[in-house]
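Q: give me the fold of what follows.
(chains A and B)
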2 protein chains.
Amino acid sequence: MSTGSHGEIQSDDGRFRVTRWTIEPGGAIPMHRHDHDYVVVPLRDATMHVVTPDGTATPAHLQTGVSYTRSAGVEHQVENRGSTDPVVFIEVERLR
Amino acid sequence: MSTGSHGEIQSDDGRFRVTRWTIEPGGAIPMHRHDHDYVVVPLRDATMHVVTPDGTATPAHLQTGVSYTRSAGVEHQVENRGSTDPVVFIEVERLR
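A: Below is the predicted model:
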């Protein structure tokens, strides 16, 4: 079964793990918990929906090159509820 | 005197420092030493020249969304020797 999302690891060197995420229209990165503090760098303008375990969905408007930082421990599913364009961003995790 | 480059700090929270760098055509980020391990996420395809203290210049071909990781301690000047387009990338430094 395809989740409609794909994570390509660009580096994973014990200090950083850098992943390029693509979420196709209608796709999602399934529910997951972040074990590390991380930075997101959007590569396209897009709106994605962040759904927490209790089902609350919050739209997040991504802007190319406008990064944001989050702490370890957050748990969510990330959905592309759009119908035409993919959501594409780089995630930089701080390991250790 | 303008260096022809500009660093906009997007976050600096003790864990990460995230800076959006723009180097105008003919501009440079002057000679500097990196105190922290870092990741570069290019936001545009571009070629920049990395010049080390001994004057050696190496072209670096940036590709949008293709990141690379470097260690603390590197020292260089980063030049945009092009004449039309800016070099634009996000630098994520791992603090502490």
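Q: I'd say A:Arg94 and B:Arg94 touch.
A: Yes: counting by C-beta atoms under 8 Å, A:Arg94 does reach B:Arg94; the two are 5.7 Å apart. All C-beta atoms are positioned from the backbone trio N, CA, C, and that covers glycine.
Q: all the strands of chain A, residue numbers only.
A: Counting by DSSP state E, the segments of chain A that form strands are A:5-12, A:16-23, A:28-33, A:38-42, A:46-51, A:57-62, A:68-70, A:75-79, A:87-94.
Q: in its sheet, what does the third one sit against?
A: The one in question is strand A:28-33. Here strand A:28-33 is paired, per DSSP bridges, with strand A:75-79 (antiparallel).
Q: and for the fifth one?
A: Sheet pairing here is set by DSSP bridges, and for strand A:46-51 it gives strand A:57-62 (antiparallel), strand A:75-79 (antiparallel).
Q: need the contact partners of the longest one.
A: Read that as strand A:57-62. Residues from elsewhere that reach strand A:57-62, judged by C-beta atoms under 8 Å, 6 or more residues apart in numbering or on different chains: A:40, A:42, A:44-52, A:79, A:87, A:89.
Q: and of those residues, the nearest to B:Phe16?
A: The closest of the contacts of strand A:57-62 to B:Phe16 turns out to be A:Val40 (C-beta to C-beta; 11.1 Å).
Q: contacts only, for the spatially closest residue to A:Arg17 that is not a sequence neighbour.
A: Leaving aside its chain neighbours, A:Arg17 sits nearest to A:Glu93 (4.4 Å; criterion: C-beta to C-beta, 6 or more residues apart in numbering or on different chains). Shown in contact with A:Glu93 (C-beta under 8 Å, 6+ apart): A:Phe16, A:Arg17, A:Val18, A:Thr19, A:His34, A:His36, A:Asp37, A:Tyr38.
Q: return the most buried member of the strands paired with strand A:46-51.
A: Neighbour counts (mean count of other C-beta atoms under 10 Å in any protein chain shown) averaged over each of the strands paired with strand A:46-51 peak at strand A:75-79, with a mean of 18.
Q: how far is that one from where the chain is centred?
A: The chain centre lies 8 Å from the centre of strand A:75-79; the measure is C-alpha atoms, centre = their mean, to the nearest Å.
Q: related to what we said a few turns ago, buried ones only from the contacts of strand A:57-62, please, as a ChimeraX command.
A: Buried subset of the contacts of strand A:57-62, written as a ChimeraX selection, criterion 16 or more other C-beta atoms under 10 Å in any protein chain shown:
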select /A:40,42,46,48,49,51,79,87,89
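Q: ok, the contacts of strand A:57-62 vs B:Thr64, which is closest?
A: For these, the nearest to B:Thr64 is A:Arg44 (10.1 Å; C-beta to C-beta).
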